[in-house]
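Engineer: Fold the following and give me the result.
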Amino acid sequence: MDQHPNLLPTNQLPGLPPGAFRKADPSPDPAFYVHPRLVTHIDDGAIAAVTAIYREILPSGGDILDLMSSWVSHLPPETEYRSVTGHGMNAAELEANPRLTARIVQDLNANPALPLPENAFDGAALCVSVQYLQRPIEVFNEVRRVLRPGAPFVVSFSNRCFPTKAVAIWQALDGPDQQRLVAAYMQEAGFSNITGRASVPPKGDPLWAVIGHASD
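Structural biologist: Numbering: from 1, shown residues only. Model (predicted):
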């Protein structure tokens, strides 16, 4: 079954094959996420790794955007922020997240435009969900728009996913190549000072991250 044309990306990376952002399950994403999943999708070691990155990179006391969030944000518990705006696909999951001060329920594959003002945030995070974006450049452009100049954007992921909902190009790559793909998303969307991190223990979930900064 072909996916609805409105769900297909309009701004893909040059050189990627046709169908790179298609999914095995073309049904509307809201139906898949209609039931809350109050579970963590990475193990304690990977959670500790992403929390350590947030502790280092996301500014204390700032306004933070937690994109594609859930009932937990993995932000360092000892760090206070002025605000944490959470976006996700399930209202019950977001309501269960005590770190959030504002909540947005929206399908970014259907509508990547964030209902947020320009230059509103001091940092943004996207944890273990980038693999589901069918319009990643448009979404990343929106993240850059709502970030203040120089603000960081942290994208982290592991080797777990819902395979029927992860895009084809993601499933064709391994961790380091997925990291390069996310860096390409950031570069195409106008982020600068793009760097990568990796935590790959002998046992347990690996954690890769890409960090970019909103251009001035």
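Engineer: If you drop the residues flanking it in sequence, what lies closest to Ser69?
Structural biologist: Gly86 (4.0 Å; Cβ to Cβ, 6 or more residues apart in numbering). Bear in mind the C-beta positions are built from the backbone N, C-alpha and C, glycine included.
Engineer: A strand includes that neighbour, no?
Structural biologist: Yes - according to DSSP: H, G, I helix; E, B strand; the rest coil, Gly86 belongs to a strand.
Engineer: Report the contact partners of it.
Structural biologist: Asp66, Ser69, Ser73, Leu94, Asn97, Arg99, Leu100, Ala102, Arg103, Ile104 (Cβ atoms under 8 Å, 6 or more residues apart in numbering).
Engineer: any idea how far the residue nearest the centre of the chain is from Phe153?
Structural biologist: In the chain, the centroid-proximal residue (Cα atoms, centre = their mean) is Leu126; its distance is 2.8 Å. Look at Leu126 and Phe153: by Cβ to Cβ, to the nearest Å, they are 7 Å apart.
Engineer: can you check Glu118 too?
Structural biologist: 15 Å.
Engineer: same deal with Arg82?
Structural biologist: For Arg82, the distance to Phe153 - Cβ to Cβ - is 18 Å.
Engineer: Looking at those two, which is more packed in?
Structural biologist: A direct count of neighbours by other Cβ atoms under 10 Å for Arg82 and Phe153 places Phe153 higher, at 26 against 12.
Engineer: Tell me where the protein is predicted with low confidence.
Structural biologist: The model of the chain has pLDDT under 70 over residues 1-12, 29-41, 161-162.
Engineer: can you give me the helices for it?
Structural biologist: Assigned helices in the chain, in chain order: 29-32, 44-57, 91-95, 136-146, 168-171, 175-188 (criterion: DSSP state H).
Engineer: what's the closest of these to Ala209?
Structural biologist: helix 44-57 (5.5 Å; Cβ to Cβ).
Engineer: What residues of the closest one count as buried?
Structural biologist: Ala46, Ile47, Ala49, Val50, Thr51, Ile53, Tyr54, Ile57 (16 or more other Cβ atoms under 10 Å).
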